[in-house]
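1. predicted model and sequence below, questions to follow.
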Amino acid sequence: MSKYVDLSGKPFHFIGIGGIGMSALAYILAKRKLPTYGSDLKSSHITKRLEAIGAHIFWRQEAKNLELFQQTTEEQNLSLSNNSNSNLSPTDLRVNTGAVMTKKHNVKVGNNQEIYQLPQVVCSTAINTTNSEYKAAVELG
(Lines give C-alpha, C1' and ligand atoms only; values in the text may rest on other atoms or scores of the structure.)
Protein backbone atom coordinates (compact mmCIF):
# COMPACT_ATOMS: atom_id res chain seq x y z
CA MET A 1 0.00 0.00 0.00
CA SER A 2 1.54 3.29 -1.11
CA LYS A 3 2.01 6.24 1.21
CA TYR A 4 2.22 8.61 -1.74
CA VAL A 5 -0.47 10.18 -3.89
CA ASP A 6 -0.18 9.94 -7.69
CA LEU A 7 -1.08 13.32 -9.22
CA SER A 8 -0.48 12.30 -12.84
CA GLY A 9 -4.18 11.98 -13.69
CA LYS A 10 -5.15 8.69 -12.08
CA PRO A 11 -8.70 9.03 -10.67
CA PHE A 12 -9.46 9.51 -6.98
CA HIS A 13 -12.47 8.00 -5.22
CA PHE A 14 -13.43 9.24 -1.73
CA ILE A 15 -15.62 7.12 0.53
CA GLY A 16 -17.50 9.68 2.61
CA ILE A 17 -16.71 12.59 0.27
CA GLY A 18 -19.12 14.91 2.11
CA GLY A 19 -17.18 14.79 5.37
CA ILE A 20 -15.08 17.77 6.35
CA GLY A 21 -11.71 16.08 5.82
CA MET A 22 -12.48 14.09 2.68
CA SER A 23 -14.29 17.03 1.06
CA ALA A 24 -11.30 19.32 1.58
CA LEU A 25 -8.99 16.86 -0.17
CA ALA A 26 -11.53 16.23 -2.94
CA TYR A 27 -11.98 19.97 -3.47
CA ILE A 28 -8.26 20.54 -3.99
CA LEU A 29 -8.03 17.67 -6.49
CA ALA A 30 -11.18 18.67 -8.40
CA LYS A 31 -9.95 22.27 -8.65
CA ARG A 32 -6.75 20.89 -10.24
CA LYS A 33 -8.99 19.14 -12.79
CA LEU A 34 -7.98 15.68 -11.57
CA PRO A 35 -10.69 13.00 -11.99
CA THR A 36 -12.49 13.12 -8.64
CA TYR A 37 -15.24 10.74 -7.58
CA GLY A 38 -16.77 9.79 -4.28
CA SER A 39 -19.73 8.50 -2.36
CA ASP A 40 -21.83 9.76 0.49
CA LEU A 41 -25.17 8.97 2.03
CA LYS A 42 -26.74 12.43 1.65
CA SER A 43 -26.48 15.65 -0.27
CA SER A 44 -25.30 18.81 1.48
CA HIS A 45 -23.93 22.24 0.64
CA ILE A 46 -20.49 20.63 0.70
CA THR A 47 -21.34 17.91 -1.84
CA LYS A 48 -23.17 20.42 -4.05
CA ARG A 49 -20.04 22.59 -4.11
CA LEU A 50 -17.94 19.56 -5.09
CA GLU A 51 -20.35 18.64 -7.88
CA ALA A 52 -20.28 22.23 -9.15
CA ILE A 53 -16.52 22.00 -9.74
CA GLY A 54 -16.68 18.61 -11.46
CA ALA A 55 -16.64 15.89 -8.80
CA HIS A 56 -18.95 12.93 -9.51
CA ILE A 57 -20.78 11.69 -6.40
CA PHE A 58 -22.59 8.40 -5.84
CA TRP A 59 -25.40 8.64 -3.26
CA ARG A 60 -24.94 5.15 -1.83
CA GLN A 61 -21.81 3.58 -0.41
CA GLU A 62 -21.77 0.33 -2.34
CA ALA A 63 -19.10 -1.85 -3.90
CA LYS A 64 -20.65 -1.35 -7.34
CA ASN A 65 -19.51 2.30 -7.27
CA LEU A 66 -16.02 1.06 -8.06
CA GLU A 67 -17.20 -0.86 -11.16
CA LEU A 68 -16.97 2.39 -13.12
CA PHE A 69 -13.19 2.18 -12.81
CA GLN A 70 -13.04 -1.38 -14.14
CA GLN A 71 -14.52 -0.44 -17.50
CA THR A 72 -12.07 -0.53 -20.36
CA THR A 73 -13.58 1.53 -23.15
CA GLU A 74 -11.64 3.39 -25.81
CA GLU A 75 -13.34 6.62 -24.72
CA GLN A 76 -11.95 6.35 -21.19
CA ASN A 77 -8.49 5.64 -22.55
CA LEU A 78 -8.62 8.80 -24.65
CA SER A 79 -9.87 10.99 -21.82
CA LEU A 80 -7.13 9.77 -19.47
CA SER A 81 -4.33 10.03 -22.00
CA ASN A 82 -5.38 13.53 -23.04
CA ASN A 83 -5.85 14.94 -19.55
CA SER A 84 -4.66 18.46 -18.80
CA ASN A 85 -2.62 17.50 -15.75
CA SER A 86 0.66 16.86 -17.52
CA ASN A 87 1.94 20.21 -16.23
CA LEU A 88 1.58 19.13 -12.60
CA SER A 89 4.79 18.59 -10.68
CA PRO A 90 5.74 14.92 -10.39
CA THR A 91 6.49 15.53 -6.73
CA ASP A 92 4.44 13.13 -4.64
CA LEU A 93 2.49 14.35 -1.63
CA ARG A 94 3.15 12.45 1.56
CA VAL A 95 -0.02 11.42 3.37
CA ASN A 96 -0.31 10.54 7.00
CA THR A 97 -4.05 10.27 7.51
CA GLY A 98 -4.70 6.55 7.87
CA ALA A 99 -6.24 6.66 4.39
CA VAL A 100 -6.46 3.63 2.13
CA MET A 101 -4.69 3.97 -1.20
CA THR A 102 -5.10 1.18 -3.71
CA LYS A 103 -2.05 -0.31 -5.36
CA LYS A 104 -1.53 0.56 -9.01
CA HIS A 105 -3.29 -1.88 -11.34
CA ASN A 106 -3.12 -1.66 -15.10
CA VAL A 107 -5.68 -3.34 -17.31
CA LYS A 108 -4.37 -4.80 -20.57
CA VAL A 109 -6.48 -5.77 -23.57
CA GLY A 110 -5.99 -7.30 -27.00
CA ASN A 111 -2.65 -5.97 -28.21
CA ASN A 112 -1.43 -5.66 -24.60
CA GLN A 113 -2.14 -1.91 -24.64
CA GLU A 114 -2.63 -0.37 -21.21
CA ILE A 115 -5.97 1.41 -21.26
CA TYR A 116 -7.16 2.16 -17.75
CA GLN A 117 -6.14 2.20 -14.12
CA LEU A 118 -8.09 1.60 -10.96
CA PRO A 119 -8.58 4.65 -8.74
CA GLN A 120 -6.75 5.72 -5.67
CA VAL A 121 -9.33 5.16 -2.94
CA VAL A 122 -9.30 7.44 0.07
CA CYS A 123 -11.42 7.05 3.17
CA SER A 124 -11.47 8.21 6.74
CA THR A 125 -10.49 5.82 9.49
CA ALA A 126 -14.05 6.38 10.71
CA ILE A 127 -15.42 4.28 7.82
CA ASN A 128 -16.60 0.96 9.17
CA THR A 129 -14.77 -2.01 7.68
CA THR A 130 -18.13 -3.69 7.09
CA ASN A 131 -18.90 -1.01 4.46
CA SER A 132 -19.18 -2.88 1.11
CA GLU A 133 -17.50 -0.08 -0.84
CA TYR A 134 -14.53 -0.16 1.55
CA LYS A 135 -14.32 -3.96 1.24
CA ALA A 136 -14.38 -3.74 -2.56
CA ALA A 137 -11.55 -1.20 -2.53
CA VAL A 138 -9.45 -3.46 -0.32
CA GLU A 139 -10.16 -6.45 -2.58
CA LEU A 140 -9.10 -4.46 -5.65
CA GLY A 141 -5.72 -3.96 -4.10
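-> Ah, there it is. Numbers count the residues shown, from 1 in each chain.

2. name the helix or strand of the protein that has the lowest mean pLDDT.
-> The weakest-scoring helix or strand in the chain, judged by mean pLDDT, DSSP states H and E, is strand 93-94 (a mean of 30).

3. Phe14 looks like it's in a strand, true?
-> Yes. Counting by DSSP: H, G, I helix; E, B strand; the rest coil, Phe14 falls inside a strand.

4. quick check: closest non-adjacent residue to it.
-> Gly38 (3.6 Å; CB to CB, 6 or more residues apart in numbering). Heads up, the C-betas are built off the backbone N, CA and C, glycines and all.

5. quick check: the one you found is in a helix.
-> No. Residue state for Gly38 (three-state DSSP) corresponds to strand; a helix is not indicated.

6. what about it, how many neighbours?
-> 28 (other CB atoms under 10 Å).

7. Arg60 too?
-> 11.

8. just confirm Lys135 contacts Glu62, I think it does.
-> No. Lys135 lies out of contact with Glu62 (CB atoms under 8 Å); the separation is 10.3 Å.

9. list the contacts for Leu29?
-> 12, 36 (CB atoms under 8 Å, 6 or more residues apart in numbering).

10. how would you label it: helix, strand or coil?
-> helix.

11. show me what counts as buried in stretch 21-33.
-> 22-23, 25-27, 29-30 (16 or more other CB atoms under 10 Å).

12. with stretch 57-67 instead?
-> Buried-residue list, stretch 57-67, by 16+ other CB under 10 Å: 57-58, 61, 65-66.

13. can you list which of the residues you listed are found in strands?
-> 57-58 (DSSP state E).

14. isn't the residue nearest to Phe14 up against Phe58?
-> Yes. Contact criterion CB under 8 Å: Gly38 and Phe58 qualify, at 7.2 Å.
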